[in-house]
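Chemist: Quick one: sequence plus predicted model below, questions after.
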Amino acid sequence: EAGVAQSPRYKIIEKRQSVAFWCNPISGHATLYWYQQILGQGPKLLIQFQNNGVVDDSQLPKDRFSAERLKGVDSTLKIQPAKLEDSAVYLCASSLDPGTTEAFFGQGTRLTVV
Amino acid sequence: AQSVAQPEDQVNVAEGNPLTVKCTYSVSGNPYLFWYVQYPNRGLQFLLKYITGDNLVKGSYGFEAEFNKSQTSFHLKKPSALVSDSALYFCAVRDLTDSWGKLQFGAGTQVVVTP
């Protein structure tokens, strides 16, 4: 079974530039999550999709971050404009459902904003 | 609101000795509890989960965890640690009263196993 795919693995941008991350979840997984993991901290949920609808974006900085999940499969997370404090690893995860099933994570995208 | 606490930033243990990583949680209703492990430059890997039933759950790589409702804890254990168990461990919780199952993580515990 193929895992969660993310790209790119690494990205370096200057502050005020824009960046986009892509995620392809495990086939058949209805729930998709984007997490931000700052060095030395646990993952923080940014946004959660159920199929192609957003069910939780309470911690997403909506003035600069946006995300979409087209046709309930792939997802993109965008930052525009980036700030220094956005430097982190962005993790995508998916699960069959938002209940008893565990989430499977991709390898993440390490973003450095300079 | 749900929360997870991992009181130890780092746990040091000698190879062959038992390993325990602590986790306590707070939820409005009944919890679903998970443990994940993260190796350097890798995503999180699922180890085990507690949903219902037996309080002692067994998972991958010889790990197990004990759910204690009265102490709101879900400590991860391994009877005999290996050097290869050195990694970052995360506890996570879902609140059953949250219909969309927000998965909240603790801050993580670094495990260092010395030969």
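Modeler: Received the coordinates, thanks.
Chemist: residues from chain A in reach of chain B?
Modeler: Proximity of chain A to chain B (C-beta under 8 Å from any C-beta of the partner chain) is limited to residues A:4, A:31, A:33, A:35, A:41-45, A:48, A:50, A:55-56, A:91, A:93, A:97-100, A:102-108, A:110. Every residue, glycine included, has its C-beta placed from N, CA and C.
Chemist: Is B:Ser84 in a helix, a strand, or coil?
Modeler: Here B:Ser84 is recorded as helix under DSSP: H, G, I helix; E, B strand; the rest coil.
Chemist: What is the burial count for it?
Modeler: 10 (other C-beta atoms under 10 Å in any protein chain shown).
Chemist: per-residue confidence for it?
Modeler: Predicted confidence (pLDDT) for B:Ser84: 95.
Chemist: who touches the closest residue to it other than its chain neighbours in this structure?
Modeler: Nearest residue to B:Ser84 in three dimensions, chain neighbours excluded: B:Val113, at 7.8 Å (C-beta to C-beta, 6 or more residues apart in numbering or on different chains). Neighbouring residues of B:Val113 by C-beta atoms under 8 Å, 6 or more residues apart in numbering or on different chains: B:13-15, B:19, B:81-86.
Chemist: do A:Trp22 as well
Modeler: By C-beta under 8 Å, 6+ apart, A:Trp22 lies in contact with A:6-7, A:74-76.
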